[in-house]
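Chemist: how does the following fold in three dimensions:
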Amino acid sequence: MGRAKWAVVMAALCLVVAIVAMAYAAGQAKAVPVQEVVRARRFELVDENGRVRAALQFTIGGWSKPGTEGKTKEEIEREEIPQLVLFDERGTKRADLNVDRHGSWFALSRETGKLGAMLEASLRNNGLAVFDLEQKRKITLVAGELWPEATYQHGIVLYDGEGKKTAVLVTDAEGKPQLSLFPPKGGTWSAP
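Modeler: Numbers count the residues shown, from 1 in each chain. Take a look at the predicted model:
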């Protein structure tokens, strides 16, 4: 066999080996094993422009625990809690789901980022709170105690423009209704 023929055979052989190697590599790329578990401290979902639109992360919690009313942040036991946060195209937090050892809550925010509504299920209560444009609580629907010393189980609470309670309609543990009104000048009117 002459040198020219030998060179053609070697080139053809190299071409065949290269094609086989590329086909093998392509087949291997399609057969990448899927991990059963992925572990991280934070996951982010980004849009086509690289903006974070969702995050699964840990955050510091503690404000929803029973007995924390009136305490400073330093006085409240703090713990890391898992949180799922959704952002709009401007990066404003619009929804978040949180879970701690006492319960869970889901918050919805307006396009301004201010809280609009919150649903909570915890050891203290199960309820829905609706807020005005200034993020002041306007309506609370509760199934459970509103605060630890409460003697009723279910109810609705209405608030004024300052966020002060103006009316409470509740049922006690035996199912008896009670209506309380809180006039702006003070005092309380209740029935029965």
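
Chemist: residue 52 contacts residue 43, doesn't it?
Modeler: No. The criterion here is Cβ atoms under 8 Å, and residue 52 misses it with residue 43 at 10.3 Å. Where C-beta positions appear, they are placed from N, C-alpha and C, glycine not excepted.

Chemist: test of understanding: give the bridge partners of the residue nearest to residue 126 when sequence neighbours are not counted.
Modeler: Leaving aside its chain neighbours, residue 126 sits nearest to residue 143 (4.6 Å; criterion: Cβ to Cβ, 6 or more residues apart in numbering). Beta-bridge pairing for residue 143 (DSSP bridges): residue 126, residue 154.

Chemist: residues near the closest residue to residue 41 other than its chain neighbours, how many?
Modeler: Spatially, and ignoring its direct neighbours in sequence, residue 41 is nearest to residue 58 (6.3 Å; Cβ to Cβ, 6+ apart). If you count neighbours by other Cβ atoms under 10 Å, residue 58 ends up with 12.

Chemist: which strands and helices lie in contact with the helix or strand harbouring residue 58?
Modeler: Using DSSP states H and E, residue 58 sits in strand 52-61. Packing partners of strand 52-61 (3 or more Cβ pairs under 8 Å, 6 or more residues apart in numbering; DSSP states H and E): strand 43-46, strand 79-87, strand 93-100.

Chemist: angle of the longest one against strand 93-100?
Modeler: Using axes from the mean of the first three to the mean of the last three Cα atoms, to 10 degrees, one finds that strand 79-87 and strand 93-100 are set 150 degrees apart in direction.

Chemist: run through who's touching strand 79-87.
Modeler: For strand 79-87, contacts defined as Cβ atoms under 8 Å, 6 or more residues apart in numbering pick out 51-62, 93-101.

Chemist: where does pLDDT dip in this structure?
Modeler: 1-16, 18, 20, 23, 25-32, 61-78, 124-125, 144-153, 173 (pLDDT under 70).

Chemist: tell me the domain ranges of it?
Modeler: The chain breaks down into these domains under automatic domain parsing: 1-31, 40-191.

Chemist: and for the strand holding residue 58, what's in contact with it?
Modeler: Contacts of strand 52-61 (Cβ under 8 Å, 6+ apart): 41-47, 78-89, 91, 98, 100.

Chemist: span of stretch 40-53 from start to end?
Modeler: 18 Å (Cα to Cα, to the nearest Å).

Chemist: go on, stretch 103-121?
Modeler: End-to-end distance for stretch 103-121: 6 Å, by Cα to Cα.

Chemist: how about the strands in this protein?
Modeler: 43-46, 52-61, 79-87, 93-100, 103-109, 115-122, 125-131, 137-144, 152-159, 165-172, 177-181, 189-191 (DSSP state E).

Chemist: for residue 36, find the nearest of those strands.
Modeler: Between residue 36 and the strands of the chain, the shortest gap by Cβ to Cβ is with strand 43-46, which sits at 16.1 Å.
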